[in-house]
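[1] Whatever this is, show me its structure:
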Amino acid sequence: MSIIRPFRLLAAALALSLAAAGCSRAGGGDQPAAASNDKGAAAELRLGYFPNVTHAAALIGLGKGLFTKELGSTKLVPTKFNAGPEAVGALLGGSLDASFIGSGPAINAYAKSNGEAVRLIAGTTSGGAQLVVKPTITKPADLVGKTVVTPQLGNTQDVSLKKWLAQQNLTGKVKVTNLENAQTLDAFKKGDVDAAWLPEPWSSRLVLDAGAKVLLDEASLWPDGKFPTTVLIVRTQFLQEHPETVKALLSGLVASIDFSTTNAADAKAVVNQQLKEATGKALQPAVIDRAFKNIQSTADPIAASFPQLAKDQVTAGIAKDAPAVAGFADLGPLNDVLAKAGKPAVDAAGLDAK
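    Numbers count the residues shown, from 1 in each chain. Alright, predicted model coming up:
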């Protein structure tokens, strides 16, 4: 046998191998397909949440075991936060994998990491934030010289208040300070603060427990009264390495929202029990009833609102330039879960592309 033939066979094999490699290139382009980062189910999922009614879906998912059921072998490690900036620090520091969080801090987490560290993967709650004031305050101008509280510097309600003050030409004329929600209630009762822009149930608590009245419901500032009070974000690395775990979390979220919308009385009871465990005290029935009337549980993050929310940070004086939000959303996993459940997809409104 000629020694040339084996070499010809080897060359043919190499050619076939190269052709097969070429077929694996995305879109037939020149770049080879990236290796999958999928490492399978995560050993644990560290999940942030706040003890607020605006986090009702999160509280229901925890209280009813809906997240744990979907996560299977993945251990759920819930962590409580008072406000968004704290959760952002934990996410960016790598000590948290995902978090229910306000839209403002969610944007900040994306911006601080140059669009790398986190992704918006779902909505949770629309509405549920109000500016409540002493009864003697009847119009915006009455706030001049007064003290108004928000939960934390740079949190969602802080941005909303400061934007609104700027629009009312009240910037610098009102003292804005930050307190934990429970401290705000005590301070309002003592007369140390005059107003507060708060999420539920705290706005309802000031109204029903401390004699405050509503000067402004934030829903009145948005089209159809819809704005993302609470969303769900995840570390990008975690999403890439454990996509099925993220889908399991989203399945639990969808189940929680379904429970909330179809079992209102039971949903309130579960949320109240979770608030009691988190804060040591349950809400009065009138408070939780009022709070639930002001929120809408939804998996839709209302993505179209995020460019405006980013601009609001400039108006509020929180940021010099509007944070970039292009590429922030990855709603593919959520839409897969929704499709499996026979539900309509949610719109990324271009927020999924840079």
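[2] What is the burial count for the residue nearest to Asp352 when sequence neighbours are not counted?
    Closest residue to Asp352 in three dimensions, ignoring its sequence neighbours and counting by C-beta to C-beta, 6 or more residues apart in numbering: Ala329, at 4.7 Å. In this view, the C-beta of every residue, glycine as well, is placed from N, C-alpha and C. Using other C-beta atoms under 10 Å, Ala329 has 26 other residues around it.
[3] Same check on Ser113?
    Ser113 has 15 neighbouring residues, counting by other C-beta under 10 Å.
[4] picking that back up, need the contact list for the residue nearest to Asp352.
    When contacts are counted by C-beta atoms under 8 Å, 6 or more residues apart in numbering, Ala329 touches 119-121, 301, 303, 306, 348, 351-352.
[5] again, but for Phe81
    Neighbouring residues of Phe81 by C-beta under 8 Å, 6+ apart: 48-50, 87, 90, 99.
[6] Then Ala291?
    Residues near Ala291 by C-beta under 8 Å, 6+ apart: 53, 128, 200-201, 203-204, 283.
[7] Which other helices and strands does the longest strand that the chain contains contact?
    When the chain is parsed with DSSP state E, its longest strand is strand 118-127. Identification of packing neighbours for strand 118-127 by 3 or more C-beta pairs under 8 Å, 6 or more residues apart in numbering; DSSP states H and E yields helix 56-63, helix 103-112, strand 228-235, helix 236-241, helix 243-262, strand 295-297, helix 332-340.
[8] Let me have the ones you listed in TSV, adding distance to Glu70 and mean pLDDT as columns.
    Formatted as TSV, the helices and strands packed on strand 118-127 follow (distance: least, C-beta to C-beta, whole Å; pLDDT from 0 to 100):
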stretch	distance to Glu70	mean pLDDT
helix 56-63	9	98
helix 103-112	22	93
strand 228-235	14	97
helix 236-241	16	97
helix 243-262	4	97
strand 295-297	17	96
helix 332-340	10	98
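[9] Of all the ones you listed, which one is nearest Leu179?
    With C-beta to C-beta, the closest approach to Leu179 among these belongs to helix 103-112: 17.1 Å.
[10] May I have stretch 273-289 exported as PDB, CA atoms only?
    The C-alpha coordinates for stretch 273-289 follow below in PDB (Å, rounded to 0.1, in the frame of the first residue of the first chain):
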ATOM      1  CA  GLN A 273     -47.600  36.500  58.800                       C
ATOM      2  CA  GLN A 274     -44.400  37.100  56.900                       C
ATOM      3  CA  LEU A 275     -44.300  40.800  58.000                       C
ATOM      4  CA  LYS A 276     -44.900  39.600  61.600                       C
ATOM      5  CA  GLU A 277     -42.000  37.200  61.400                       C
ATOM      6  CA  ALA A 278     -39.700  39.900  59.800                       C
ATOM      7  CA  THR A 279     -40.600  42.800  61.900                       C
ATOM      8  CA  GLY A 280     -42.100  41.300  65.100                       C
ATOM      9  CA  LYS A 281     -45.500  42.800  64.500                       C
ATOM     10  CA  ALA A 282     -48.500  42.100  62.200                       C
ATOM     11  CA  LEU A 283     -50.500  44.800  60.500                       C
ATOM     12  CA  GLN A 284     -54.000  45.700  61.500                       C
ATOM     13  CA  PRO A 285     -56.600  44.400  59.000                       C
ATOM     14  CA  ALA A 286     -57.600  47.900  57.900                       C
ATOM     15  CA  VAL A 287     -53.900  48.700  57.100                       C
ATOM     16  CA  ILE A 288     -53.200  45.600  55.000                       C
ATOM     17  CA  ASP A 289     -56.600  46.000  53.300                       C
END
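[11] buried residues in it?
    Neighbour-count burial for stretch 273-289, counted by 16 or more other C-beta atoms under 10 Å, picks out 274-275, 278, 282-283, 287-288.
[12] out of the contacts of Phe81, what pair is the most spread apart?
    Using C-beta to C-beta, the contacts of Phe81 span at most 12.6 Å, a distance reached by Phe50 and Ala90.
[13] So which of the two has more stuff around it?
    The residue with more neighbours, out of Phe50 and Ala90, is Phe50; 26 against 18, by other C-beta under 10 Å.
[14] Can you tell me how far the closest residue to that one other than its chain neighbours is from Gly93?
    Using C-beta to C-beta, 6+ apart and skipping residues adjacent in sequence, the residue nearest Phe50 is Phe81, 5.6 Å away. Distance, Phe81 to Gly93, by C-beta to C-beta, to the nearest Å: 13 Å.
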